[in-house]
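Engineer: Quick one, what's the 3D model for this:
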Amino acid sequence: NIYTYSALITACANGRLWDESLSVYKRMHDENIKPDAITYSAMINACEKAKQWEKALEVFEDMMLAGVSGNTVTFNSLIGVCGKSGQWEKAHELFGIMIAGAVSADNTTYILLASAFEKGRQPDLAFNLFNQIFKSIKKVDEGVSCC
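Structural biologist: The predicted model follows:
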């Protein structure tokens, strides 16, 4: 069933068995078992661990075409693998998709995106990201009152 396949993909990814994760994912499709958000996220995570950014984007595209929404963990894995692979433009694009889709960014998201900008030698984008984070923190601080 889907839970078994998702767990197997995760176990293979954790064991650094990228090819096995991909085989399990393909077998699901061959057996007409439709992946869910957990399965897609597990496969994207497996791609991230293997630094397979192109395959991660293919899985993400499959996910979108299936009408399955990504969550913060999904996008963090995608941004992470793209950033680590020197694909800062893709990481930035994914961040835009994340925000446009009302998926919440967390500290990990910002760190991964800043790292992608640094690796891509994009200090202006990193600085703009820092300012964006600072402004959002300032808004929260201004909205909090102790009295």
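
Engineer: Contacts for stretch 36-47 next, please.
Structural biologist: 2, 5-6, 9-10, 12-13, 18, 21-22, 25, 28, 35, 53, 55-56, 59-60, 62-63, 66, 68-71, 73-74, 77-78, 81 (Cβ atoms under 8 Å, 6 or more residues apart in numbering). For the C-beta atoms, the positions are set from N, CA and C on the backbone; glycine is no exception.

Engineer: Show the contacting residues for residue 99.
Structural biologist: By Cβ under 8 Å, 6+ apart, the contact set of residue 99 is residue 105.

Engineer: Pull up the gap between it and residue 79, please.
Structural biologist: 12 Å (Cβ to Cβ, to the nearest Å).

Engineer: center of this structure, which residue is that?
Structural biologist: Central residue of the chain (Cα atoms, centre = their mean): residue 75, 2.5 Å from the mean position.

Engineer: Work out for me the element it sits within.
Structural biologist: helix 72-84 (DSSP states H and E).

Engineer: now that helix: mean pLDDT?
Structural biologist: Here helix 72-84 scores 94 as its mean pLDDT.

Engineer: Same question for stretch 118-129.
Structural biologist: 84.

Engineer: For that stretch, which residues meet the burial criterion?
Structural biologist: Neighbour counts over stretch 118-129 (16 or more other Cβ atoms under 10 Å) mark 119-120, 122, 125-126, 129 as buried.

Engineer: List of residues touching it?
Structural biologist: Under Cβ under 8 Å, 6+ apart, the answer for stretch 118-129 is 83-84, 86, 88-89, 92, 110, 113-114, 117.

Engineer: And for stretch 53-64?
Structural biologist: Stretch 53-64 has contacts (Cβ under 8 Å, 6+ apart) with 22, 25, 35, 37, 40, 43-44, 47-48, 70, 74, 77-78, 81-82, 84-85, 87, 90.

Engineer: Nothing else from me, thank you.
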